Structure formats: C-alpha cells, structure tokens
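In: Please find the sequence and the predicted model below.
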2 protein chains.
Amino acid sequence: MSASLGIGLIGLGTVGTGVVQLLREAPAAVRRRKASFEVRRVAVRDPAKARDVQLAAGVLSGDAEQVISDPAVQVVVELTGAPGAFGWIRQALQAGKHVVTANKAVIAEHGDELFDLAAEGDVDLLFEASVAGGIPIIRSLRNGLVANHVESLYGILNGTTNYILTRMARGEGDYAGILAQAQAAGYAEPDPAADVSGADAAAKLAILSRIAFHTRGTPADIYCEGIEGIEASDIEFARELGFAIKLLAIARQASGGRVEARVHPVMIPAESQLANIQDEFNAIEVVGSAVGTQVFSGAGAGRMPTASAVVSDLVELAERRRRGASTSIEDMILGEEAVGFADICGVEMRYFLRVLVEDRPGVLEQIARILAREGISIASVLQKERDLEGGAVPLVIVTHEARERAMQQAVGAIDALPMVTRGVRLIRMQEL
Amino acid sequence: MSASLGIGLIGLGTVGTGVVQLLREAPAAVRRRKASFEVRRVAVRDPAKARDVQLAAGVLSGDAEQVISDPAVQVVVELTGAPGAFGWIRQALQAGKHVVTANKAVIAEHGDELFDLAAEGDVDLLFEASVAGGIPIIRSLRNGLVANHVESLYGILNGTTNYILTRMARGEGDYAGILAQAQAAGYAEPDPAADVSGADAAAKLAILSRIAFHTRGTPADIYCEGIEGIEASDIEFARELGFAIKLLAIARQASGGRVEARVHPVMIPAESQLANIQDEFNAIEVVGSAVGTQVFSGAGAGRMPTASAVVSDLVELAERRRRGASTSIEDMILGEEAVGFADICGVEMRYFLRVLVEDRPGVLEQIARILAREGISIASVLQKERDLEGGAVPLVIVTHEARERAMQQAVGAIDALPMVTRGVRLIRMQEL
C-alpha cells in the first residue's frame, strides 16, 4: 500500500461534501486499486458554518491559498463556482500541484493557458466532472474511443433546458410557466440566463470539442442560441412533422480541418435516442470513425453523480503518479497543432421557419420568392386556418438542405416584408 | 518514443483484419499517447488464402503456437472463435505474454483460471471487445464508475435477438420469418441457437457481472431463457399495456451479498431508453450508487467497432507497461472474496402470463384460484373475444409483484388444468 495522496479541497458545498462522503465510503473497487486519499485541508468561505460532514480540527480554513501552499497537499480539488477559481487553479499548477476540478467555466475559458501550465510543470489537470456530471464521457473519448477519429458529437449538456423542453412537450405549460416551476423545484437557478441562453452548454461543448477534436479556443468561438424563443406551438408543429425539439450542443468535423461547433435548439427525429432523453438528464451521441454511433446518457448534475466523476479523476491520478506517468493528460488533450472553429455560415442543414403573416393573397408567394432567390428549396408548407393574433396567421415552412448563410439572408428579407406581423422564428433540423 | 510493442495475432478474419487496418491508420490520439505497435506474427488457418490486408513476408503462419512462442511477440491478440482459443490464451499467459481477446466464450467460461494465471505471471489479460463491441462498457465500469457500488445492470447484449424483436415489433413478420430474413441479411448465423437461446448474452453477462460485482462462476450459473417462444401477439399485448419486449441480460445486487443474474425476454416500459434500442444495436443500463442510472449504447458487433475496442486495450496495455504497472488489471477485477450468484427463485417481479384456454365458464376462476393459493395477486386480465385455435381463446394475466418460486409453481398447476389448451407463456416484467 503506497502512501496516501494528500488532498486539498477548495469548496465544501454540494459537490465538495459528496466527494468527502464518497472518499470515506471508499467502494471496494477504489480500495482494490490501492488508491488511498486523505483530505488534509479544506478551504471554505465561512469556516464557522455547520457542515454535513465532520472534519478533523484544523482542516478547515477560510483561505484557499493556505490549502494550495500546504506541503501536505499534492492534489488541489477545486469545487467552487467562485470568481477566484481560475486564479486558484493557476496558482496550484504553478506550485506543482495536480488539480481536479468540476469548473466548466474555468476549463472552457482558460483551458489553453492551464493545460500548457500543467504540461510545463509535469502535473495533471483533470476535469471529468466539468461536463455531464457522472457520465464518463471525457474518459471514454480519451481512452475507450482512442482508436477513432471523432466525426461528430451531439450533446444534451444542460439539464435545466432539457427539463423545460420536456415539460413543454408534455403540454404542462409554456416556456415562462415551466421555467418558474423549474425554479421552484430547484431545477433552474434564480437567474437562469446562463442555462436558457445556451451559454452553459457552450462552455461544456468547448471542453468536449477540445478532447474530441483538439480544438483550442473558448465558448466565444461557438455559435450560441438559447431556448427563450421556443413556443409550445413550435413543439406541436415539430411533433406533427415527427420531430422533437432539444437544445443540442453540436461539434462536427468540417472542411479544411476545421470544426463546426454550435449550440441551439434543434428539431431531431422523434424516434432518435436523443429525442427520448427526458427531464434533467444529459446525453452525448458520438460518431466515431470505427465505432459508428454511440450514446452515453445519465444524470448531468447533482451531488453524488458529480462527486463520482471527481473521485474517478482522483483514482486515475493516484494510479498515474504511483507508476510515474510518462505521458501527461495534457499530451493526450493538446493537439499536434491547434484546430480552429469553422464559421457556422458554411453549415448546411434543413430548416423549420415559423412566421406570423397577414392573412391575405400573395404572402406565401413573396416569401417563396425570397427563399428561391437564395437558392433555398421548400420541402413542405403548413398554413393552418386559425386566427391567432388579430388577423395574423402562422405560416410554417420546412426547407430542404440549405446553407446557413443563405438562410440568414432570407430571414432578413422576410422579416422586412410589410405583411409580416412577427418575424421568422428559425429552428434548425438535424437527422441523427 | 519508446520501442514498439510486438503483437502476435491469432486469427485474421473480420475483426483481425480490422485491427491491422486500425493500427496502420494510427489515429492522432494513439500517436499522441506515444503508443506504437508492430504486428510481428499472424497465425491463420490457411496462410495461402488471399487477405484484405497485406503483410510482410514471413509474418503469416499456420501455427498459433509459433506466434505465442516468438520472442518478438509481447502481446498475443486472440481473435478466433476456434476451439483451440482457450488453450492458446492459457499458453500465452503461461509464457509471460499479455493477452488481448474478443473471445467472450473463453473469458466467460475460463475467466477464473485465466485471471489467476495472469495475476501470477504479472501480465495483463484485456477483453473490452468481448462484450458489446465498441461500447467502452468494461472500461467505464472499471474506471469511470470506480467510485460506485453497482446496484444493477440491464443489458441488450445480443444484436441478433434485438434485430428479430425489433422487426417483429414493427409488424414485419413472425419469429420464424424474421429469423430467416436476418439469416439472409447476415444478422443471424446459419445456426442461430447460441443467439436466440440467450446463451451468447449469458456469456457476456457473466463477464460484465465479474467486473461490476466481482462474481466468479460461468454462464452455467446464470438462468437463461431465449426468444424462441415469443409470438407476434405477445408483442402486441405488450404494446397495449405500454411495454416493449426485449431480451435482457440482468445482474443485480441481491440479499446476502449474492448477485442475481439472468437472461430472458422482459417486458419493459415502452418509453424507457432500452425499449428504444433498435435493430442490432446493443445497450447497457447501469445503476450506480453515486451516479444513478446511466445508459451506454452503440454497435455491439462488426469489424471496426470490435477492432476499436481491441486497439483501446492495446493502447492501455502499452501505457501500463511503459510506466511499470503496479496494480494489475486482475487486481481490479478479482474480488477480495468470490461473490456467488443468487437463485432466481428468490427474485420478485411482475409477470405477464398468456395461456390458451377453452372458451367456457369457470376457467378464469380456476386459474385465479391457483394464483391466489400461491399468494400471487392479479393486476389485470385481458380476455378478448376471438377464436384463435379451434374454440380456444387466449387469456392474458398481468400480476402484481410476486416471487419467482411461487410463479413457477402456479405455472405448473395451471398447465395441468384440463381446460388449458396450450400451457402458460410467461414473460417477466421490469420497470427500469
């Protein structure tokens, strides 16, 4: 039995508490790996506050830097959403400490700098918990699918938005109503902006894309659109067409060695596996050159699922270090050369357009003319006889495959038509 | 760059050819790991036969033992379904060679002996490809979910039977007709017995159960029932009840530290993820103490998916050996003490019973009396007015949760009733 690995924890909230609990339970599988851990220092904002787990006297501290600099700490486990997190992680790596974190924002925003730092210092930076909770997707991309070029990756990476869309699809209310319910039930934050805007999913996609495609870059490079504009009627139209609406994070190999990465609502076939991921669950569909299509699904958040991912990182770290690792995690992640993101304007797909128009002759003709001018071919039109808002009727158009750039131009032109009462709501469509 | 790992391949069929191709393509991720392989010897039945891959002169041999004993070979990759496979794997381990295999039968039947041998010789025996093709399920159980006690595991592990059941559910024919189609399409073997009887799934379950629960034992310890008796009408009844029928391989923690393991057709809720695994695809649902429910799905067979799993094992082996592994794979797999299998008679679940009875008064009463005597409570009864076979009508009963032992006794008694035209077809039900 080798000596214990000394852990310094920053943050003892939901996930931190789960990690301490899991390490104490020490499942047989962890013991069998001869991995042994000791939580030596824990930094919290308020050391006087009552905690769900008991810690020995002197372990708790109000100062993260004390945890980082403690010579008994070999691994810093950062589990806060605090503004100081990036600084602490950087400081720990610079001090020659390994780091395990669940902090998607820091890894997504500052991954380039942090991985370089870790590689220079010959320490490891692990972050399985930063994407999709307990689903071992980063490990699977890195190890299980190592013999594959990843061709594409489709993720339901945000539980809050999936919860809202699932409930809307069950007819339980409109966007605002379900969001309020989700907030009451604790599935949505008091300020839901990061979730519903797609920003949270984009941060996770930046991380997955780094592993799968070796991209560099930050979430700002990823096209991002949220679910705020989705109406119950869109979901109804989708169902009639045999589709469901999900907020997907998509990364795909594009031409010129670039990677197309985007987060937005997507209509996907109702019978596809991702369409059947319900409530707050997460899932990732990976298409690999050798394995074909695989789907990984499970709880994407929560105390114990996230803690499970953190502990799996700790066990890997203990094994790597005991053996004397000769390749760093960073070598596996950093590409031989930086891969860039492609502009979404070059992407081709099918589109669903909903537009509210005045109910008079010639409207469809004018819209059809604009689409034709942009080279966009119409697959089907749905115009129902119903008066929704003062003489206006919703017109729904599904196109054949078209280029995003052309579609954006067409949308601009349609929105400018005088008989258009409310502009185009565009939902992209994806066969899976 | 460390020296190449010398590979000796036994078998150059579908999967073996895929492995040679994948190693030659060497995806960037493999290169980045500084893993390097050289296929030094290949044993085939007929060295004169034309091959899909070109090999250097002198590499091909007709003799597996030559491959094993070649000092340039450090890893023996066994990819035959040949009767000699167990002997070759044993011989390789005894000769101090690492072994990677896709051979589920050998690992399931002889795992106890082979893992002990590997542990004694300080060599590794890896077998990701033996279960569910390219889905990294063994690796995920071992690493990603290392911090979990596995509570239960439900697998669609046989592509042939899932293909047949999917096509039957789509109304494309009855069991015999679809099986014949599947054979023509290459989805079923000319002799389908191992697949349709559940034996193939039971072998894979024995392997998964070894990893998840540290059981010892062979497929003979696993209760096994195939899909041969499933009729189109059963699937129709299931659909009316909101269920789908799948051949599931189930392993669950039982009382007394034992593990309940069984393979049989199961009715599962139509909206569950496993119910929506179509055609020849495989999937495994794992319930872990920390992560909750996770599902892994993908292609369960085929050249490149299986080769992908073999190469992922080779990369792990190269990394472990370069570093000087201090825990063996076998330490992770072998339990601290052998875990035994529970008798299926102690299992409790709901049951679907279909029985063909004479259409006259008192029949239902007699059957209900037998069930009541065994303490089995009826949840619903479906008796349709239709004359299927000469005056006999199908009676369908769904029970509340009951114990298998009681149900077996009830079935025996019902089958002995004089008005029963054709005995009970029993399908177990499982909420997922």
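Out: Nice, I can see it. No experiment lies behind these values; they were computed from the predicted model shown.
In: hang on, isn't A:G133 packed against A:G302?
Out: Yes - in this structure A:G133 lies within contact range of A:G302 using Cβ atoms under 8 Å: 6.3 Å. (C-beta placed from N, C-alpha, C; glycine too.)
In: where does the stretch 51-200 of chain A come near chain B, residue by residue?
Out: A:128, A:133-136, A:139-140, A:142-149 (Cβ under 8 Å from any Cβ of the partner chain).
In: Neighbour count for A:G133 and A:G302, which is higher?
Out: Shown here are A:G133 and A:G302; by other Cβ atoms under 10 Å in any protein chain shown, A:G133 has more neighbours (30 against 19).
In: for chain A, where's the lowest mean pLDDT among helices and strands?
Out: When each helix and strand of chain A is scored by mean pLDDT, DSSP states H and E, helix A:329-333 comes last, with a mean of 68.
In: Work out for me the element A:A72 sits within.
Out: Using DSSP states H and E, A:A72 sits in no helix or strand.
In: Quickly find the element holding the nearest residue to A:Q253 once chain neighbours are set aside.
Out: Sequence neighbours aside, A:E151 is the residue nearest to A:Q253 in space, at 5.4 Å (criterion: Cβ to Cβ, 6 or more residues apart in numbering or on different chains). Here A:E151 sits within strand A:150-156, counting by DSSP H and E.
In: right, and the helix or strand after that strand?
Out: helix A:159-169.
In: what angle separates the helix or strand that that next one is followed by from helix A:159-169?
Out: Using DSSP H and E, the next helix or strand after helix A:159-169 towards the C-terminus is helix A:175-185. Angle of helix A:175-185 versus helix A:159-169, following axes from the mean of the first three to the mean of the last three Cα atoms, to 10 degrees, is 130 degrees.
In: just checking, what packs against helix A:175-185?
Out: Helix A:175-185 is packed against helix A:159-169, with contacts defined by 3 or more Cβ pairs under 8 Å, 6 or more residues apart in numbering or on different chains; DSSP states H and E.
In: now the helix it packs on, how far from the chain's geometric center?
Out: Its chain's average C-alpha position is 15 Å from that of helix A:159-169, according to Cα atoms, centre = their mean, to the nearest Å.
In: so what's A:R167 up against?
Out: By Cβ atoms under 8 Å, 6 or more residues apart in numbering or on different chains, the residues touching A:R167 are A:173, A:178, A:181-182.
In: What are the phi and psi values at A:V420?
Out: The phi/psi pair for A:V420 (degrees, to the nearest 10) reads phi -90, psi 110.
In: what about it, distance to chain B?
Out: A:V420 is 39 Å from chain B, where distance means Cβ to the nearest Cβ, to the nearest Å.
In: does that residue have beta-bridge partners, and which?
Out: Counting by DSSP bridges, A:V420 forms beta bridges with A:V357.
In: how near is it to A:G412?
Out: According to Cβ to Cβ, to the nearest Å, A:V420 stands 11 Å off from A:G412.
In: ditto for A:I277
Out: Distance, A:I277 to A:G412, by Cβ to Cβ: 34 Å.
In: And these two? Which one has more around it.
Out: A:I277 (24 against 12).
In: what bits of the stretch 51-200 of chain A have low per-residue confidence?
Out: The model of the stretch 51-200 of chain A has no residue with pLDDT under 70.
In: all helices for it, in order.
Out: A:64-69, A:85-94, A:104-121, A:137-139, A:159-169, A:175-185, A:193-196, A:199-213 (DSSP state H, counting those that start in this stretch).
In: so which of those comes closest to A:R252?
Out: helix A:199-213 (8.8 Å; Cβ to Cβ).
In: That closest one vs helix A:104-121, what angle?
Out: On the basis of the same axes, to 10 degrees, helix A:199-213 is oriented at 30 degrees to helix A:104-121.
In: need the next SSE after helix A:199-213, C-terminal direction.
Out: Taking DSSP H and E, what comes next after helix A:199-213 is strand A:223-224.
In: Check which element follows that following strand along the chain.
Out: Using DSSP H and E, the helix or strand that directly follows strand A:223-224 along the chain is helix A:232-240.
In: Summarise which helices and strands that next one is packed against.
Out: Secondary-structure packing of helix A:232-240 (3+ Cβ pairs under 8 Å, 6+ apart): helix A:159-169, strand A:243-253, strand A:348-358, strand A:420-429.
In: how about these in CSV, adding distance to A:V287?
Out: Formatted as CSV, these follow (distance: least, Cβ to Cβ, whole Å):
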stretch, distance to A:V287
helix A:159-169, 21
strand A:243-253, 9
strand A:348-358, 16
strand A:420-429, 18
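In: and of the ones you listed, who's closest to B:R322?
Out: Ranking the helices and strands packed on helix A:232-240 by distance to B:R322, with Cβ to Cβ as the measure, places strand A:243-253 first at 30.1 Å.
In: distance between that closest one and the chain's centre?
Out: How far strand A:243-253 lies from its chain's middle: 11 Å, per Cα atoms, centre = their mean.
In: what angle do it and strand A:420-429 make?
Out: 60 degrees.
In: Mind checking what helix or strand follows strand A:243-253 in sequence?
Out: From strand A:243-253, the next helix or strand downstream (DSSP H and E) is strand A:259-269.
In: same question for that following strand, mean pLDDT?
Out: With pLDDT averaged residue by residue, strand A:259-269 scores 97.
In: tell me what the next helix or strand after it is packed against?
Out: Moving toward the C-terminus from strand A:259-269, the first helix or strand encountered (DSSP H and E) is strand A:281-288. Counting contacts by 3+ Cβ pairs under 8 Å, 6+ apart, strand A:281-288 packs against strand A:150-156, helix A:159-169, strand A:292-299.
In: again, only using 7 Å
Out: For strand A:281-288, the packing partners by 3 or more Cβ pairs under 7 Å, 6 or more residues apart in numbering or on different chains; DSSP states H and E come out as strand A:150-156, strand A:292-299.
In: anything in the longest one near chain B?
Out: This points to strand A:292-299. Yes - looking at strand A:292-299 against chain B by Cβ under 7 Å from any Cβ of the partner chain, the contacts come from A:292-299.
In: what's that strand in contact with?
Out: For strand A:292-299, contacts defined as Cβ atoms under 7 Å, 6 or more residues apart in numbering or on different chains pick out A:133-135, A:137, A:140, A:273, A:277, A:281-288, A:305, B:135, B:273, B:291-299, B:305.
In: Can I get the buried part of the residues you listed as one ChimeraX selection?
Out: The buried residues among the contacts of strand A:292-299 can be selected in ChimeraX (16 or more other Cβ atoms under 10 Å in any protein chain shown) with this line:
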select /A:133,134,135,137,140,273,277,281,282,283,284,285,286,287,288,305 /B:135,273,291,292,293,294,295,296,297,298,299,305
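In: that older thread, list the buried residues of the strand holding A:E151.
Out: Quick answer for strand A:150-156 (16+ other Cβ under 10 Å): A:150, A:152-156.
In: which one of those is nearest B:G13?
Out: Closest approach to B:G13 among these (Cβ to Cβ): A:V150, at 27.2 Å.
In: picking that back up, and the strand holding A:E151 with helix A:159-169, angle?
Out: If you take the same axes, to 10 degrees, strand A:150-156 sits at 70 degrees to helix A:159-169.
In: List the contacts of strand A:150-156.
Out: Strand A:150-156 has contacts (Cβ under 7 Å, 6+ apart) with A:141, A:162, A:205, A:208, A:212-213, A:246, A:248-253, A:274, A:277, A:282-289, A:432.
In: make it 8 Å
Out: With contact meaning Cβ under 8 Å, 6+ apart, strand A:150-156 is reached by A:132, A:141, A:162, A:201, A:204-205, A:208-209, A:212-213, A:246-253, A:274, A:277, A:281-289, A:300, A:430, A:432.
In: Sheet partners, orientation included, of that strand?
Out: Strand pairing for strand A:150-156, using DSSP bridges, gives strand A:243-253 (antiparallel), strand A:281-288 (antiparallel).
In: Would you reformat those as JSON lines and include mean pLDDT?
Out: What follows is these, written out as JSON lines (pLDDT from 0 to 100):
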{"stretch": "strand A:243-253", "mean pLDDT": "97"}
{"stretch": "strand A:281-288", "mean pLDDT": "98"}
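In: Let me have those strands in a markdown table, extended by distance to B:D63.
Out: Formatted as a markdown table, the strands paired with strand A:150-156 follow (distance: least, Cβ to Cβ, whole Å):
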| stretch | distance to B:D63 |
| --- | --- |
| strand A:243-253 | 43 |
| strand A:281-288 | 35 |
